[in-house]
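A.B. asks: Below are the sequence and a predicted model for it; my questions follow.
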Amino acid sequence: QLQLVESGGALVQPGGSLRLSCAASDLRLDSYTIGWFRQAPGKEREGVSCISRSGASTMYADSVKGRFTISRDDVKNTVDLQMNSLKPEDTAVYYCAARRTGWCTANGMNYWGKGTLVTVSL
């Protein structure tokens with residue numbers, strides 16, 4: 001059973017930056033496709049970014065393109081999400097999720113973390 005733990009969520013002002021990290025203690029994350037999803041209050045969960053097992057392929061939602069960067073750190077066994085130029089509409093609980101095969105879809109991930117809260121506000 002893969003257990004995922006997110007960290008790095010915080011309160012930040014608009015225009016600021018945060019770096020989220022997704023870690024797993026039991027298994028290698030580079031054996032899985034990893035996605036970051038988010039859910040804002042009153043809204044459905046949406047995909048933010050996805051990275052392939054090799055790290056060669058990535059995907060971003062249109063709303064975060066050019067501002068967010070997903071990356072793997074195979075030494076630390078983490079997948080990180082660097083978030084720059086944050087906007088109030090980025091406020092949400094951010095989740096990382098893993099899938100054994102295939103690409104990231106909200107209904108297709110095999111494992112989920114419990115989430116970390118990002119609040120963008122003055």
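C.D. replies: Received the coordinates, thanks.

A.B. asks: Past the helix or strand of the chain with the lowest mean pLDDT, which element shows up next along the chain?
C.D. replies: Among the helical and strand segments of the chain, the one scoring lowest on mean pLDDT, DSSP states H and E is strand 111-112, with a mean of 95. Later in the chain than strand 111-112, the nearest helix or strand by DSSP states H and E is strand 116-120.

A.B. asks: Partner strands of that following strand and their direction?
C.D. replies: strand 11-12 (parallel), strand 92-99 (antiparallel) (DSSP bridges).

A.B. asks: hang on, the earlier thing: which neighbouring elements make contact with the least confident helix or strand of the chain?
C.D. replies: Packing contacts for strand 111-112, counted by 3 or more Cβ pairs under 8 Å, 6 or more residues apart in numbering; DSSP states H and E, involve strand 92-99. Bear in mind the C-beta positions are built from the backbone N, C-alpha and C, glycine included.

A.B. asks: For the strand it packs on, the averaged confidence score.
C.D. replies: Averaging pLDDT along strand 92-99 gives 97.

A.B. asks: Give me the distance from it to the chain's centre.
C.D. replies: Offset of strand 92-99 from its chain centre (Cα atoms, centre = their mean, to the nearest Å): 5 Å.

A.B. asks: Just the CA coordinates for that strand, please, in CSV.
C.D. replies: Only the C-alpha atoms of strand 92-99 are listed here, as CSV (Å, rounded to 0.1, in the frame of the first residue of the first chain):
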residue,chain,number,x,y,z
ALA,A,92,-7.5,25.1,-2.3
VAL,A,93,-6.5,21.9,-0.7
TYR,A,94,-3.8,20.3,-2.8
TYR,A,95,-3.6,16.6,-3.1
CYS,A,96,-1.0,14.4,-4.7
ALA,A,97,-2.0,11.1,-6.2
ALA,A,98,-0.3,8.1,-7.8
ARG,A,99,-1.2,5.8,-10.6
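
A.B. asks: who's in contact with that strand?
C.D. replies: For strand 92-99, contacts defined as Cβ atoms under 8 Å, 6 or more residues apart in numbering pick out 2, 4, 6, 9, 20, 22, 24, 29, 32-40, 43, 45, 48, 79, 81, 104, 108-118.
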